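*Asks:* here's my sequence, what's the structure:
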Amino acid sequence: MMDTKTKDLFLAETHQVENQPPPLQDYNLYLQDQALREAVVREGAAWAEDELSAFGLLTGSREMIELGFQANENKPVLYTHDNYGHRIDEVRFHPAYHRLMQVSLEHGLHASHWSDPKAGAHVARAAKCYLQNQVEAGHGCPVTMTSAVIPALLQQPDIARLWTPKILARHYDYRNVPIEQKQGITIGMAMTEKQGGSDVRSNTLRAYALGNGGPGQAYELVGHKYFVSAPMSDAFLVLAQAPGGLSCFLLPRWRPDGSKNPMQIQRLKNKMGNVANASCETELRGAYAQLIGEEGRGVAIILKMVTMTRFDCMVGSSSGMRQAVAQAAHHCAHR
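*Replies:* Here you go, the predicted structure:
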């Protein structure tokens, strides 16, 4: 039997934690980034400094930082069918992911530069993305694609008039319902197929006109897409082979008659990083879509979206490096 003295030693603390930094939280991400502040003023967005300071305080808060961890610790889950056997193709996310999306859209990270296109608008918006991505980068993917779709969509003015107001709305609604029931929507993109990633001209997805075809007209798509991120977006820009060549289509989640559009999710990608944001493999079995621009101009049109996403990728990579430096400097300062 353990004597009293040994028992007391056994239950005692083994050590005290020393020479460790406190968490880097509850600070202003914007005000503590001198390089970013100088760039914002230099590039014409000095008018946004108060707004950026307020956003920097939000993104540096303990609450927001914790949301970023939660969104990555609780990965998205695919539900192909409901309990009764109906095909639903739903990806469900942790509430932390939805909260991050809500913050991004309510602060205009997807739309402010389009809805108020004054001098420095792109700079101010990029600065916000730079701050938000330091909290959690994965949800930046649907935010970026929703922002980037506008230049491509404007190539088909009649469709743009219908979709743009809800794209630009500062409202996040993650429900899997037709856009007529939503105030705000998000947009994705689907180009990659199994036989070619960057070589989109080898795409095999086929487009069949439901009538005479042509710009703005309805088609049905048959084939697959092998890497589709943000699969719960309300619509996607998709490249497919039409009679006139590789073309760009807007594919909504729901058909005009209110039925589910058959863009079927086969599985989610098992990714090394960026896990808060779902990416998936899909099959399209006669999925309804509308042609954007002329047949055969698909690459030129979708590149208007791709170019904007590449800009955001640069901002996102830079923000990741900035946060790494901030964490390292904070750690060293408290050692």
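*Asks:* show me how far the helix ranked longest in the chain is from its chain's centre.
*Replies:* Using DSSP state H to define each element, the chain has its longest helix at helix 298-333. Mean C-alpha position of helix 298-333 versus that of the full chain (Cα atoms, centre = their mean, to the nearest Å) differs by 13 Å.
*Asks:* buried residues in that helix, which are they?
*Replies:* Within helix 298-333, the residues scored as buried using 16 or more other Cβ atoms under 10 Å are 298-299, 301-302, 304-306, 308-309, 312, 315-316, 318-319, 322-323, 326, 330. From N, CA and C alone the C-beta is placed, and that goes for glycine too.
*Asks:* now stretch 206-226
*Replies:* In stretch 206-226, counting by 16+ other Cβ under 10 Å, buried: 207, 213, 215, 218, 219, 220, 221, 222, 223, 224, 225, 226.
*Asks:* ok, the third one to residue 293 distance?
*Replies:* I take that to be residue 215. 6 Å (Cβ to Cβ, to the nearest Å).
*Asks:* shared neighbours, the two?
*Replies:* Jointly contacting residue 215 and residue 293 under the rule Cβ atoms under 8 Å, 6 or more residues apart in numbering are residue 156.
*Asks:* phi, psi for residue 221 please.
*Replies:* Backbone geometry at residue 221, expressed as degrees, to the nearest 10, gives phi -110, psi 130.
*Asks:* hmm, it is touching residue 203, no?
*Replies:* No: counting by Cβ atoms under 8 Å, residue 221 stays clear of residue 203, with 10.8 Å between them.
*Asks:* mind listing the shared neighbours of the two?
*Replies:* residue 240.
*Asks:* quick one: the helices in the chain?
*Replies:* Going by DSSP H, the chain shows helices at 4-11, 34-42, 49-59, 62-73, 95-106, 112-115, 121-135, 140-153, 157-168, 298-333.
*Asks:* any chance of CSV for those helices, columns mean pLDDT?
*Replies:* Converted to CSV, the helices of the chain look like this (pLDDT from 0 to 100):
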stretch, mean pLDDT
helix 4-11, 67
helix 34-42, 98
helix 49-59, 98
helix 62-73, 98
helix 95-106, 99
helix 112-115, 97
helix 121-135, 98
helix 140-153, 98
helix 157-168, 98
helix 298-333, 97
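*Asks:* out of those helices, nearest to residue 241?
*Replies:* Ranking those by their distance to residue 241 (criterion: Cβ to Cβ) puts helix 298-333 first, at 8.7 Å.
*Asks:* who's in contact with stretch 324-331?
*Replies:* Residues from elsewhere that reach stretch 324-331 (Cβ under 8 Å, 6+ apart): 21, 24, 32, 33, 134.
*Asks:* out of those residues, who has the most neighbours?
*Replies:* residue 134 (26 neighbours; other Cβ atoms under 10 Å).
*Asks:* correct me if wrong: that residue contacts residue 317.
*Replies:* No: using Cβ under 8 Å, residue 134 is not in contact with residue 317; the gap is 11.7 Å.
*Asks:* enumerate every residue touching residue 45.
*Replies:* 120, 121, 123, 124, 127.
*Asks:* ok, the residues you listed vs residue 288, which is closest?
*Replies:* Nearest member of these to residue 288, counting by Cβ to Cβ, is residue 121, at 34.4 Å.
*Asks:* tell me, how many residues neighbour the closest one?
*Replies:* 19.
*Asks:* and what of residue 239?
*Replies:* As a burial measure, residue 239 scores 25 neighbours (other Cβ under 10 Å).
*Asks:* export the buried residues of stretch 206-226 to JSON lines and append columns for distance to residue 111 and pLDDT.
*Replies:* As requested, the buried residues of stretch 206-226 are arranged in JSON lines below (distance: Cβ to Cβ, whole Å; pLDDT from 0 to 100):
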{"residue": "207", "distance to residue 111": "29", "pLDDT": "99"}
{"residue": "213", "distance to residue 111": "32", "pLDDT": "96"}
{"residue": "215", "distance to residue 111": "25", "pLDDT": "98"}
{"residue": "218", "distance to residue 111": "27", "pLDDT": "98"}
{"residue": "219", "distance to residue 111": "28", "pLDDT": "99"}
{"residue": "220", "distance to residue 111": "31", "pLDDT": "99"}
{"residue": "221", "distance to residue 111": "28", "pLDDT": "99"}
{"residue": "222", "distance to residue 111": "33", "pLDDT": "99"}
{"residue": "223", "distance to residue 111": "31", "pLDDT": "98"}
{"residue": "224", "distance to residue 111": "31", "pLDDT": "98"}
{"residue": "225", "distance to residue 111": "26", "pLDDT": "97"}
{"residue": "226", "distance to residue 111": "29", "pLDDT": "97"}
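*Asks:* fine, thanks again, bye for now.
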